[in-house]
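**Q** Can you look at this prediction? I've put the sequence above it.
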Number of protein chains: 2
Amino acid sequence: MPLEKMFVSDARDAAHVGKTVLIQGWIRTRRDSKGGFSFLEINDGSCMGNIQVIADADLANYKDEIQRLSAGCSVAIEGEVKASEGKQATEIQASQVTVLGWADDFPLQKKRHSFEKLREWAHIRARSNTFGAVARVRNQICQSIHQFFHENNFLYVHTPIITASDCEGAGEMFKVTTLDLDRLAKSGGPVNYEYDFFDKPSFLTVSGQLEAETYATALGRVYTFGPTFRAENSNTSRHLSEFWMIEPEAAFFDLADDMALAESFLRKILSDVLNRCDEDLQFFDQRIQKGLIESLRKVAETPFQHMTYTDAIKVLENCGESFEFPIAWGTDLQAEHERYLTEKHVAGPLILTDYPSTIKPFYMRLSDDRKTVAAMDVLVPGVGEIIGGSQREERLDVLTQRMAEMDLREEDYWWYLDLRRYGTVPHAGFGLGLERLVQYTTGMANIRDVIPFPRTPGNAEF
Amino acid sequence: MPLEKMFVSDARDAAHVGKTVLIQGWIRTRRDSKGGFSFLEINDGSCMGNIQVIADADLANYKDEIQRLSAGCSVAIEGEVKASEGKQATEIQASQVTVLGWADDFPLQKKRHSFEKLREWAHIRARSNTFGAVARVRNQICQSIHQFFHENNFLYVHTPIITASDCEGAGEMFKVTTLDLDRLAKSGGPVNYEYDFFDKPSFLTVSGQLEAETYATALGRVYTFGPTFRAENSNTSRHLSEFWMIEPEAAFFDLADDMALAESFLRKILSDVLNRCDEDLQFFDQRIQKGLIESLRKVAETPFQHMTYTDAIKVLENCGESFEFPIAWGTDLQAEHERYLTEKHVAGPLILTDYPSTIKPFYMRLSDDRKTVAAMDVLVPGVGEIIGGSQREERLDVLTQRMAEMDLREEDYWWYLDLRRYGTVPHAGFGLGLERLVQYTTGMANIRDVIPFPRTPGNAEF
């Protein structure tokens, strides 16, 4: 029978019993039996689980090599897939074990390391069960995002990463420069940007929304999916300096359309992860967050409720809970408030709408009451806000008045205002951070553990 | 009959004749007939073509509004889809025309503007035929890339954008900093990076390959798709300071696997674009590059030929062509050489392999002849090199020796070397620039015209 190259994920499938296969991967454990053979657990990243390989003592390299194998060694196994009597459906009876690479002093031994320690080993932590599972779930979410928007006629657009526009003043920005800093320090000043690459101060983007609007008002439906940056000195488990954002934007959408889009988007992501990452989710459910699968399934299956901000304030004022932060119409909701509403008040996904204009950015559409804007935040149990969006202000006069109120200069936004000068249309969109979504679907507590190489204050190694 | 909201791309389909629809989009042209009605050409970005709307003079707002409509105005049209006797299959007989936004002095009038001029109007150029078509083709290529890798069991991984590692010295890098440059300029120096965000000099990435290798050697097959940066002061039609790269990396792949992957990848992209962007490609074929479709089809259908660099040098030395740059074993091939080989010598796609080690980066696998490395470049007619890749050096001793020869310090690459210390495996990958691929499939001459907001020296507006 010809040799068939196969992933571990396939070799674990009983459908392949009887086949002669080549498996390539890394040793997770070796266990020597008294009966004169060894069990090798092999993982190749194609799935959470390992395949068990039985290596008999009569293999030529049994004593010299196989009995020296340790966690982290790379091997190529030829053998026959057999039905197993153990927990797994199959195992492999090896006819040949080739050692590709040894792994003396491999840091990831069987004992469990803290996630904090593993962050120092970001270059090898994907070889652990937890970080392999995170990578697979993150990949599935990304694929589902692209599929969802493609199926719904949204075009993927790339908004700029380096920008001379500071968008909405959404946060502190990183500067991008080619100036020689050592020479600059000795220059005595002032900074002459004529010598800098872009001839003016330039920054890393905090959001692609405004640029996405230029494409939505030309092509109808678009979305961004790219890195965004915050230079805030926040050393918390919820903040990254570099993270990936998804920002759909659709012409001819009002707030109701936007809410419907956000709901079907989240439903698609959750059901795909539940359907396609079962083994990884089982792991997270058992090891990271008990009840995770049940809570994701519930959100995937429950119609999202809607409530205005004003009604939410009334609920919070009358609920009898004691909150750390005070509640008053006109102030931002804190995580504790959001979580009370979604977890206790409606016990399911909840979309809050119609926030006070004073706590929202200038581009959100002013409602007829002149006090609120057509904004929406999607809240889910266990997390609070996971998506934020709005209908955009399409009326030039209202927009420029709000900009004036917020001390924004029209000349800095000439191109954004042009979208309202030439064939303006109602439009809406939302934004969400990929890493928050990965945290939510895996239960991982620290956001640094759901992106391969986290950037935080003081950390940009690799 | 109920009103059905519909894209122009659907309304142009004869299958919808008889339906009452709502179309929303922008006016491309208005033509008034002497018979007492007007033709409105409407585009909504869903496809290249417009739908023709017939607005009769008996509509209530005919004189006041419809006859004032001009290019760029946004409208909502209600009406019935009818079979058309013109070039298109259908047209719409309007029962209502609602003006959403006027467009006085809209810069994109019917007369054609130079692409150079349109670059100054990057915020509205997607409303033109050419840039709308580029956006749709670019979107299709991106979708196809994700589909291709997903179907071939590659995981999408996000490698870092900000990095303190300078990778392979692949090019000049942008610095990222939160230092106050004005204050720095007055400080007299030296620069104290303890006050900078990451506590050390940090940069924008030029490639995610090395980091991708950390995930390939954990999870098997991965790919990156993200922005990369070059701070070179190149003001040419072939260079961008910010562009999107795709970099697959696969464990247990040798050079032959890598070449097969690159060929099936390119075939998938081209056939998807040919099958799904027909109308846009027809436009590019007629207006931008005659014969484009035929040349793409040929590459999509022709098996890629293989040739070693050494054989290529012999062909070039003996072909009788006069080249601007001299040919000698050990020197890099220039575009003129590559194009001769792919266009004239084999007249089809060609993969060159086994380049001299001296002209390739340190991480490429040294061959047994000790003179060449297991590298490959994919060349296509009309462009030259479109993909570059290699098998990677998996042997620690060979890798460190090559690094020493190239004056690279081991301590800067400790984590990369760890991949060879712990369970090293043969692996390979390649890289390509998205924008080159979009140029190739559209025939667009200037790379600044295939990315929404191009970044080049002096240009970071928006």
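**A** Alright, I've got the coordinates. No experiment lies behind these values; they were computed from the predicted model shown.
**Q** now A:Thr163, nearest residue through space, not along the chain?
**A** A:Thr205 (5.1 Å; CB to CB, 6 or more residues apart in numbering or on different chains). Quick note: C-beta positions are derived from backbone N, CA and C, even for glycine.
**Q** So that neighbour sits against A:Ala164, correct?
**A** No: with contacts counted by CB atoms under 8 Å, A:Thr205 stays clear of A:Ala164, the gap being 10.6 Å.
**Q** more crowded one of those two?
**A** When A:Thr205 is set against A:Ala164 and neighbours are counted by other CB atoms under 10 Å in any protein chain shown, the residue ahead is A:Thr205, at 25 against 18.
**Q** in the stretch 101-250 of chain A, which spans are helices?
**A** All helices of the stretch 101-250 of chain A, identified by DSSP state H, counting those that start in this stretch, fall at A:115-120, A:129-151, A:181-187, A:209-219.
**Q** wait, what's in contact with A:Val176?
**A** A:Val176 sits next to A:Ile162, A:Phe197, A:Phe198, A:Ser202, A:Phe203, A:Leu204, B:Phe174, B:Lys175, B:Val176, B:Leu204 when contact means CB atoms under 8 Å, 6 or more residues apart in numbering or on different chains.
**Q** Quick check: bridge partners of it?
**A** In this structure, A:Val176 bridges to A:Ser202, B:Val176 when assessed by DSSP bridges.
**Q** Tell me the strands beside the helix or strand hosting A:Ile77, with direction?
**A** Using DSSP states H and E, the element containing A:Ile77 is strand A:74-83. Strands adjacent to strand A:74-83 in the sheet, as given by DSSP bridges, are strand A:20-33 (antiparallel), strand A:90-101 (antiparallel).
**Q** what comes up buried for that strand?
**A** If you call a residue buried by 16 or more other CB atoms under 10 Å in any protein chain shown, then strand A:74-83 has these buried ones: A:Ser74, A:Val75, A:Ala76, A:Ile77, A:Gly79, A:Glu80, A:Val81.
**Q** Taking helix B:209-219 as reference, get the angle to it.
**A** Here strand A:74-83 runs at 30 degrees with respect to helix B:209-219, directions being taken by axes from the mean of the first three to the mean of the last three CA atoms, to 10 degrees.
**Q** Next, count neighbours for the residue in the stretch 251-400 of chain A that chain B sits nearest to.
**A** Among residues of the stretch 251-400 of chain A, the one nearest chain B by CB to the nearest CB turns out to be A:Phe252. It sits 4.5 Å away. For A:Phe252, the tally of surrounding residues (other CB under 10 Å) stands at 22.
**Q** I figured it hits A:Pro426, correct?
**A** Yes: A:Phe252 sits in contact with A:Pro426 when judged by CB under 8 Å, with a separation of 6.1 Å.
**Q** Assign the residue of chain A most remote from its centre to helix, strand or coil.
**A** Of all residues in chain A, A:Asp58 sits farthest from the chain's C-alpha centroid, using CA atoms, centre = their mean; the distance is 48.3 Å. Assigned by DSSP: H, G, I helix; E, B strand; the rest coil, the conformation of A:Asp58 is coil.
**Q** How about A:His306?
**A** Following three-state DSSP, we place A:His306 in the strand state.
**Q** for stretch A:338-347, how far is the first residue from the last?
**A** Using CA to CA, to the nearest Å, the end-to-end distance of stretch A:338-347 comes out at 12 Å.
**Q** just stretch A:419-438 next, same as before
**A** Its start and end residues considered, stretch A:419-438 measures 34 Å (CA to CA).
**Q** so, in contact with chain B or not, that stretch?
**A** Yes: part of stretch A:419-438 sits near chain B under the criterion CB under 8 Å from any CB of the partner chain, namely A:Leu419, A:Arg420, A:Arg421, A:Tyr422, A:Gly423, A:Thr424, A:Val425, A:Pro426.
**Q** Any idea how far that stretch is from the middle of the chain?
**A** When distances are taken as CA atoms, centre = their mean, to the nearest Å, stretch A:419-438 is centred 18 Å away from the chain's centroid.
**Q** Ok, stretch A:43-56 next?
**A** In terms of CA atoms, centre = their mean, the centre of stretch A:43-56 is found 28 Å from the chain centre.
**Q** what number of residues lie near A:Glu263?
**A** The burial count assigned to A:Glu263 is 17, neighbours taken as other CB under 10 Å.
**Q** How about A:Lys34?
**A** Quick note: A:Lys34 (other CB under 10 Å) scores 5 neighbours.
**Q** so who does A:Ala460 touch?
**A** Shown in contact with A:Ala460 (CB under 8 Å, 6+ apart): B:Pro160, B:Ile162, B:Thr163, B:Ala164, B:Phe198, B:Lys200, B:Ser202.
**Q** any idea how far the closest residue to the fifth one other than its chain neighbours is from A:Ile447?
**A** Distance criterion CB to CB, 6+ apart; nearest residue to B:Phe198, sequence neighbours excluded, is A:Ala460 at 4.1 Å. The spacing between A:Ala460 and A:Ile447, counted by CB to CB, to the nearest Å, is 16 Å.
**Q** cool, A:Phe252 as well?
**A** Remark: distance between A:Phe252 and A:Ile447 (CB to CB) = 35 Å.
**Q** Where does pLDDT dip in chain A?
**A** Using pLDDT under 70 as the threshold, the predicted model of chain A has low-confidence ranges A:1, A:110, A:166-171.
**Q** Outline the domain layout of it.
**A** Chain A is divided into the following domains under the TED database: A:8-101, A:129-449.
**Q** Give me whichever of the ones you listed is most buried.
**A** domain A:129-449 (a mean of 19; mean count of other CB atoms under 10 Å in any protein chain shown).
**Q** any idea how far that domain is from the chain center?
**A** 12 Å.
**Q** what's the answer for stretch A:16-25, then?
**A** Taking CA atoms, centre = their mean, one finds the center of stretch A:16-25 at 34 Å from the center of the full chain.
**Q** send the alpha carbons of it over as CSV?
**A** As requested, C-alpha coordinates have been extracted for stretch A:16-25 and formatted as CSV (Å, rounded to 0.1, in the frame of the first residue of the first chain):
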residue,chain,number,x,y,z
HIS,A,16,-8.3,5.9,7.8
VAL,A,17,-7.8,2.6,9.7
GLY,A,18,-5.7,0.2,7.6
LYS,A,19,-3.8,2.9,5.7
THR,A,20,-0.1,3.2,5.7
VAL,A,21,0.8,6.8,6.5
LEU,A,22,3.5,9.3,7.0
ILE,A,23,2.9,11.6,10.0
GLN,A,24,5.3,14.5,10.8
GLY,A,25,5.1,16.5,14.0
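**Q** Touching it from outside, list them.
**A** Around stretch A:16-25, the neighbours that count as contacts under CB under 8 Å, 6+ apart are A:1-8, A:10-11, A:42-45, A:51, A:53, A:74-83, A:90, A:92, A:95, A:100, B:220, B:251-252, B:425.
**Q** all helices for the stretch 301-450 of chain A, in order.
**A** Counting by DSSP H, counting those that start in this stretch, the stretch 301-450 of chain A has helices at residues A:309-318, A:335-339, A:396-405, A:414-421, A:434-442.
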